[in-house]
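*Asks:* Have a look at this fold, sequence not included:
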Ligand code: GZL
């Protein structure tokens, strides 16, 4: 008798579990994601992070829109999610303004918004922002260059900047941070033009720089990896040497695998990381909301600074010593992206 009761209990439990799993499958959480576009390696890593986390097997129905770097398309995508009545909306804002109206529409529709990566600067009608401190990234670049110049005996800095998409918080923060250190140290910024975070944009701007500032510059600041690759192509074609053994110090922001391989190879001098893997932190926010909890308003990604040489091993940012990691085969092999 006892044995039969045990078997019956086990069968009941199994039936309950399968009912729960059926119920869970029926209750996918729908997430609308209005992504900037597909302009860079960083963006590819960011999109993959979201697809990996917000999968059906994890209990999500991801509605993804690639907004192709067009702010109007992005607003349209968000309004489309409202019409679909998704459970949550994720926005990586192409530019930082023009958001309050559509965020009010999300609020009126009762759909929580989570902002990732770049910031929205004209509205706070969103639950949380998960991203990087772009100003810190710019300051880190400046502080590293200051220490590197001192160590290498570079007395004058004449820099050219290839900016990211004008008006994006990444471009604004990196520009402001680097300019702040440049001003403190009396450096010359010969020019600063928009390369739109693309390789073609970086190459076009650098080709123009090589003509306009021939023989005048010794530093190039590319505000993302793809612009740095474009700048390499342009400088190579113009016969300008760059990197740790060249005439021009070349740095990048982001730190995706291709640029880290170039850093290891000595094709550029330093990389200031911008971590694209925000989706796990976004999921934590959604799970907190599902549980009726209140998430943090700002959640910062952790990121590091890398160089080809070990000439500078740490830099000071906001009074705190932060390490600069020399790129090696081991460091490269252990990176997540
Ligand atoms: C920064 C991100 C930027 C990257 C670029 O967080 O928004 O946009 O630095 C990307 O590579 O295009």
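*Replies:* The structure has been received and is ready for your questions. All values derive from a computational prediction rather than experimental measurement. Numbering: from 1, shown residues only.

*Asks:* only C-alpha atoms for contact and neighbour calcs from this point on.
*Replies:* Noted.

*Asks:* okay, now the domains of this structure?
*Replies:* 24-132+277-300, 134-274+304-333 (automatic domain parsing).

*Asks:* Now mean pLDDT too, for the ones you listed, in TSV please.
*Replies:* Below are the domains of the chain laid out as TSV (pLDDT from 0 to 100):
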stretch	mean pLDDT
domain 24-132+277-300	96
domain 134-274+304-333	97
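
*Asks:* got JSON lines for the ones you listed, with mean neighbour count too?
*Replies:* Converted to JSON lines, the domains of the chain look like this (neighbours: other CA atoms under 10 Å):
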{"stretch": "domain 24-132+277-300", "mean neighbour count": "18"}
{"stretch": "domain 134-274+304-333", "mean neighbour count": "20"}
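
*Asks:* okay if I get those as CSV plus distance to the ligand?
*Replies:* Output for these, formatted as CSV (distance: least, CA to the nearest ligand atom, whole Å):
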stretch, distance to the ligand
domain 24-132+277-300, 5
domain 134-274+304-333, 5
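
*Asks:* Let me see the contact set for the residue nearest the centre of the chain.
*Replies:* The centroid of the chain falls nearest to residue 276 when counting by CA atoms, centre = their mean (4.3 Å). Contact partners of residue 276, counting by CA atoms under 8 Å, 6 or more residues apart in numbering, are 42-43, 45-46, 49, 117.

*Asks:* how about the helices of the chain, start to end?
*Replies:* 2-26, 41-53, 71-84, 100-108, 134-152, 169-184, 199-212, 225-237, 257-265, 279-290, 329-333 (DSSP state H).

*Asks:* I'd like those helices as TSV, with distance to residue 319 appended.
*Replies:* Shown next, in TSV, are the helices of the chain (distance: least, CA to CA, whole Å):
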stretch	distance to residue 319
helix 2-26	49
helix 41-53	29
helix 71-84	37
helix 100-108	35
helix 134-152	12
helix 169-184	14
helix 199-212	33
helix 225-237	28
helix 257-265	27
helix 279-290	27
helix 329-333	26
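
*Asks:* I'd like the distance between the closest residue to residue 128 other than its chain neighbours and residue 290.
*Replies:* Leaving aside its sequence neighbours, residue 128 sits nearest to residue 297 (CA to CA, 6 or more residues apart in numbering; 4.3 Å). Separation of residue 297 from residue 290 (CA to CA, to the nearest Å): 16 Å.

*Asks:* Check residue 187 too.
*Replies:* Separation of residue 187 from residue 290 (CA to CA) stands at 51 Å.

*Asks:* before we move on, what about residue 69?
*Replies:* In terms of CA to CA, residue 69 sits 31 Å off from residue 290.

*Asks:* Now for residue 304: which residues touch it?
*Replies:* Here residue 304 is in contact with 272-273, 323-325 (CA under 8 Å, 6+ apart).

*Asks:* Kindly check the end-to-end length of stretch 278-298 for me.
*Replies:* 12 Å.

*Asks:* Pull the residues that contact that stretch.
*Replies:* So stretch 278-298 is contacted by 46, 49-50, 53-54, 88, 114, 116-117, 127-131, 299, 301 (CA under 8 Å, 6+ apart).

*Asks:* same check, this time on stretch 257-265
*Replies:* With CA under 8 Å, 6+ apart as the criterion, stretch 257-265 contacts 225, 229, 268-271, 307-308, 327-329, 332, 335, 337.

*Asks:* to the chain's geometric centre, what's the distance from that stretch?
*Replies:* A distance of 17 Å separates the centroid of the chain from that of stretch 257-265, by CA atoms, centre = their mean, to the nearest Å.

*Asks:* now swap in stretch 130-148 and tell me
*Replies:* Mean-position distance between stretch 130-148 and its chain equals 14 Å (CA atoms, centre = their mean).

*Asks:* Could you do stretch 162-172 as well?
*Replies:* 12 Å.

*Asks:* Please list the residues outside it that contact it.
*Replies:* In contact with stretch 162-172 (CA under 8 Å, 6+ apart) are residues 93-96, 118-119, 134-135, 175, 192-197, 202, 205-206, 220-224, 227.

*Asks:* now stretch 115-125
*Replies:* With contact meaning CA under 8 Å, 6+ apart, stretch 115-125 is reached by 90-100, 103-104, 107, 113, 126-132, 168-170, 276, 278, 282.

*Asks:* again, only this time at 7 Å
*Replies:* With contacts defined as CA atoms under 7 Å, 6 or more residues apart in numbering, stretch 115-125 is touched by 90-93, 96-100, 103-104, 126, 128-132, 168-170.

*Asks:* Now intersect the residues you listed with the strands, please.
*Replies:* 90-91, 128-131 (DSSP state E).

*Asks:* and those as CSV, adding distance to residue 161?
*Replies:* Shown next, in CSV, are these (distance: CA to CA, whole Å):
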residue, distance to residue 161
90, 31
91, 28
128, 31
129, 28
130, 27
131, 23
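
*Asks:* Residue 198 reaches residue 227, doesn't it?
*Replies:* Yes - using CA atoms under 7 Å, residue 198 makes contact with residue 227 at a distance of 5.5 Å.

*Asks:* who's in contact with residue 325?
*Replies:* Contact analysis of residue 325 by CA under 7 Å, 6+ apart lists 305-307, 313.

*Asks:* which ones are touching residue 99?
*Replies:* 120, 122-123.
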